[in-house]
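*Asks:* Give me a model of this one.
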Amino acid sequence: MSALRNRARGEVVLAIDGAPVRLCLTLGALAELEAAFDTDGFAALGERLAHLSASDLITILAALTGRPGAELAAARIDPREAASAVAAAFRVAFEE
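*Replies:* Below is the predicted model of the structure:
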């Protein structure tokens, strides 16, 4: 699935309902996550995301995909793959 991503844009691919979906950590996604987790800044967001629940993971996937959380909650998503893809999206976005 890596051929479907644009690494220059910081995209990571995750299988959702068996189909490849691009995740991308944009400035808008970061702002959405700061609001959703009631944090102020990247450091506080990073601390908050250190220990995720399943609902947290759905919230993050919604921000990174632009899909509604309710749609993602009903989808077939491997939780380990999702957590790994989210971590990769953050890592790629902040690479130097």
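*Asks:* Report the mean confidence score over stretch 37-51.
*Replies:* The average of the pLDDT scores along stretch 37-51 is 91.
*Asks:* what comes up buried for it?
*Replies:* Along stretch 37-51, these residues count as buried under the neighbour rule (16 or more other CB atoms under 10 Å): 39, 45, 48-49. All C-beta atoms are positioned from the backbone trio N, CA, C, and that covers glycine.
*Asks:* low-scoring stretches of this protein, by residue?
*Replies:* In the predicted model of the chain, residues 1-9, 96 satisfy pLDDT under 70.
*Asks:* now the helices for it?
*Replies:* 27-36, 42-48, 54-65, 69-73, 79-93 (DSSP state H).
*Asks:* of all those helices, which lies closest to residue 14?
*Replies:* Ranking these by proximity to residue 14 (CB to CB) places helix 79-93 first, at 4.1 Å.
*Asks:* hang on, the earlier thing: turn the helices of the chain into a markdown table, columns for distance to residue 13.
*Replies:* As requested, these are arranged in a markdown table below (distance: least, CB to CB, whole Å):
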| stretch | distance to residue 13 |
| --- | --- |
| helix 27-36 | 16 |
| helix 42-48 | 23 |
| helix 54-65 | 11 |
| helix 69-73 | 15 |
| helix 79-93 | 7 |
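*Asks:* Buried deepest among those, which one?
*Replies:* Ranked by mean neighbour count, those are led by helix 54-65 with a mean of 20 (mean count of other CB atoms under 10 Å).
*Asks:* got a list of contacts for stretch 72-84?
*Replies:* Residues from elsewhere that reach stretch 72-84, judged by CB atoms under 8 Å, 6 or more residues apart in numbering: 14-18, 52, 54, 57-58, 61-62, 65.
*Asks:* for the helices of the chain, which one sits closest to residue 10?
*Replies:* Evaluated over the helices of the chain, closeness to residue 10 peaks at helix 79-93, with 4.4 Å, by CB to CB.
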